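Engineer: Okay, here's the prediction I keep looking at, along with the sequence it came from:
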Amino acid sequence: MLAVAGGKGSSGKTTTALSLASALVVDCDLDAPNLHLRAGVPRDPGVDAANPIATAHESTTVPGVDVLPVGDADGDDLATTLDTLLESRLTILDCLAGASEAAVRPLRVADSCVVVATDSREGIEDAVKTVAMARADGTPVRAIGVTRAVAVPTGLADATAADNVPIPDATAPLEASETAAAYATLTGYVEPNT
């Protein structure tokens, strides 16, 4: 199980989660769920379904990826589903931004994580905080994807003790060749965990 996390909203976590996926992606963002929109699947049924694994939807935008949207789930529904997924199959968790308990919950059950940041001062500060939060919960950080960047900001690797991958800006990042190469590089950091 791999968490895709970051402290800042609109940093590219959902796009990154879909780009890294080869099996199941679960929307863990109870506040502003958008995985279903990016994946081209209905919002319901989702995490709150009686048998969430059986209700996963096949993405219409990323072939071969199943998506479990939030639906009308609450924190208890999500916790129950995440516990069930531990016995299931390869899973990518699209995490909530921030440092709240709801943002930390998926990190606690994940085997490792990828942190997503934007190439801005605030984005980099949030990445450093997210790395610290993941490590405090015992979740190894595989790499940091820096979105909308042609190069990695100076000092980020030193501040986080993690490898960084720049992901260039693109109008349609799930289809663009320039982002495909960056996401392929980022996937290389997670493959040992799959």
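Structural biologist: Alright, I've got the coordinates.
Engineer: for the longest helix along the chain, which positions count as buried?
Structural biologist: If you go by DSSP state H, the chain has its longest helix at helix 121-136. Going by neighbour count (16 or more other C-beta atoms under 10 Å), the buried part of helix 121-136 is 123, 124, 126, 127, 128, 129, 130, 131, 133, 134, 135. C-beta: built from backbone N, CA, C; applies to glycine.
Engineer: now, among those residues, which is nearest to residue 173?
Structural biologist: Using C-beta to C-beta, residue 123 is the member of those that lies nearest residue 173, at 16.0 Å.
Engineer: what ranges of this protein fall below the confidence cut-off?
Structural biologist: Low-confidence segments of the chain (pLDDT under 70): 86-89, 191-194.
Engineer: which stretches of it form helices?
Structural biologist: 13-20, 35-39, 75-85, 101-109, 121-136, 156-160, 177-190.
Engineer: for residue 128, what are its contacts?
Structural biologist: 156, 159, 160 (C-beta atoms under 8 Å, 6 or more residues apart in numbering).
Engineer: What about the first one, how many residues nearby?
Structural biologist: Counted with other C-beta atoms under 10 Å, the burial measure for residue 156 works out to 21 neighbours.
Engineer: excluding its backbone neighbours, what's nearest it?
Structural biologist: Spatial nearest neighbour of residue 156, excluding adjacent residues (C-beta to C-beta, 6 or more residues apart in numbering): residue 164 at 5.4 Å.
Engineer: The one you found: how many residues sit nearby?
Structural biologist: The tally of other residues near residue 164 (other C-beta under 10 Å) stands at 19.
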